[in-house]
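S.K.: mind looking at a prediction? Sequence and model below.
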Amino acid sequence: KSGQIDPKRDRVFTALERHTYCRPGGAPYPIRTIRKGDWLYMINFEPDRWPSGNPDFASPHQGFYGDIDAGPSREYLIVNKDEAS
């Protein structure tokens with residue numbers, strides 16, 4: 001019922017690397033996390049990078065915001081990229 005199968009395993013470690021060519025030089029977007037119970041610790045090693053790809057960098061495979069699949073969200077970002085946030 002708790003979702004925990006082995007009580008000795010009380011934490012989860014995860015890593016995220018975005019390796020699509022959507023930033024100059026193919027720079028990744030590295031994040032690491034540790035989850036234990038109700039706690040989540042997350043560290044972004046490159047917080048100044050755009051997670052979905054640079055808005056001013058056209059990747060050869062998908063254009064601007066190259067790490068977002070084609071769809072309404074991506075289209076909205078592209079259409080409104082010059083709007084103040």
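M.R.: Alright, I've got the coordinates. Numbers count the residues shown, from 1 in each chain.

S.K.: give the contact list for the residue most central in space within the chain.
M.R.: In the chain, the residue lying closest to the centroid (CA atoms, centre = their mean) is Pro51, at 4.5 Å. The contact partners of Pro51, by CB atoms under 8 Å, 6 or more residues apart in numbering, come to 18, 29, 67. C-beta here means a position set from N, CA and C on the backbone, and glycine is covered the same way.

S.K.: now do Tyr76: how many residues are near it, please.
M.R.: 10 (other CB atoms under 10 Å).

S.K.: work out for me the element it sits within.
M.R.: Using DSSP states H and E, Tyr76 maps to helix 72-79.

S.K.: in that helix, what's buried?
M.R.: By 16 or more other CB atoms under 10 Å, the buried positions in helix 72-79 come out as Arg74.

S.K.: run through who's touching it.
M.R.: With contacts defined as CB under 8 Å, 6+ apart, helix 72-79 is touched by 52, 55, 63-65, 68.

S.K.: let me have these in a markdown table, extended by secondary structure.
M.R.: Listed next are those as a markdown table, based on DSSP: H, G, I helix; E, B strand; the rest coil:
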| residue | secondary structure |
| --- | --- |
| Ser52 | coil |
| Pro55 | coil |
| Gly63 | strand |
| Phe64 | coil |
| Tyr65 | coil |
| Ile68 | coil |
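
S.K.: neighbour-wise, which of those residues leads?
M.R.: Going by other CB under 10 Å, Tyr65 tops the contacts of helix 72-79 with 22 neighbours.

S.K.: is it in contact with Cys22, as I believe?
M.R.: Yes: if you go by CB atoms under 8 Å, Tyr65 and Cys22 touch, sitting 7.3 Å apart.
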